[in-house]
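generate coordinates for the sequence data below:
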Amino acid sequence: MKRMGFIAALLSSLGILSLSNFAWSVETLQMREAYVREMPPGQSTSAAFMKLVNTSNRPVAIVAVTSDGAGQTEIHRSHQVDGMMQMERVMRLEIPAHGQQIFAPGGYHLMLINLKRSFRAGDKINITLLDEEGRFYKASFPVVNILGTASPGQ
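The predicted structure follows:
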């Protein structure tokens, strides 16, 4: 499997392969309780949340994220600095062996930037994580309305 990851990374760097057209699933890292926030029409960003669980005996470090619903997808972390909430991009996130990382409002989350369309409750957004060993982890996240307001067209 490590050799396949190396080959995928090499082909990707040569422009022969992109994250969006090649993925395989490895059960080492599981995305549970995943969802994407529905946003009002016209918004260019949204956020995705989940419980990321590493079931393996080794740490797994996520180094890239893609989504079919956004032009750019990034791992972000919100935290307090001098009493003000700030958000920063995370370039590498390590999930310890048999550990987990919660992605929730006010903490770690996936930022979906330059949305390709408006997300409506009930839609599915495909998200793919890439670890530093070249393994891909893919899941379909449901879009949910967390504000309790009617979706456009309802």
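
end to end, how far does stretch 100-115 reach?
End-to-end distance for stretch 100-115, by C-alpha to C-alpha, to the nearest Å: 28 Å.

and it, how far out from the chain middle?
In terms of C-alpha atoms, centre = their mean, to the nearest Å, the gap separating the centre of stretch 100-115 from the centre of its chain is 7 Å.

what comes into contact with it?
When contacts are defined by C-beta atoms under 8 Å, 6 or more residues apart in numbering, stretch 100-115 is touched by residues 36, 39, 43-54, 65, 67, 69-79, 85, 89-90, 93, 95, 125, 127. Where you see a C-beta, it was placed from the backbone N, CA and C, and this is true even at glycine.

quickly note the distance from Pro40 to Leu29.
Between Pro40 and Leu29 the distance, using C-beta to C-beta, to the nearest Å, works out to 32 Å.

neighbour count for these two, which is higher?
Leu29 (21 against 10; other C-beta atoms under 10 Å).

kindly state the beta-bridge partners for that one.
According to DSSP bridges, Asn54 are recorded as the beta-bridge partners of Leu29.

chain neighbours aside, what residue packs nearest to Met39?
In space, not counting the residues next to it along the chain, Met39 is nearest to Ser46; the distance is 4.9 Å by C-beta to C-beta, 6 or more residues apart in numbering.

pretty sure Thr28 is touching Thr55, no?
Yes - proximity of Thr28 to Thr55 meets the contact threshold set by C-beta atoms under 8 Å, at 6.1 Å.

out of these two, name the residue with the larger neighbour count.
Counting neighbours by other C-beta under 10 Å for Thr28 and for Thr55 shows that Thr28 has the greater number, 19 against 13.

excluding its backbone neighbours, what's nearest that one?
Spatial nearest neighbour of Thr28, excluding adjacent residues (C-beta to C-beta, 6+ apart): Ser56 at 4.3 Å.

how about the secondary structure of the one you found?
coil (DSSP: H, G, I helix; E, B strand; the rest coil).

what are the phi and psi values for it?
When read as degrees, to the nearest 10, the backbone of Ser56 gives phi -90, psi 170.

what about it, distance to Gln101?
Between Ser56 and Gln101 the distance is 14 Å, computed by C-beta to C-beta.
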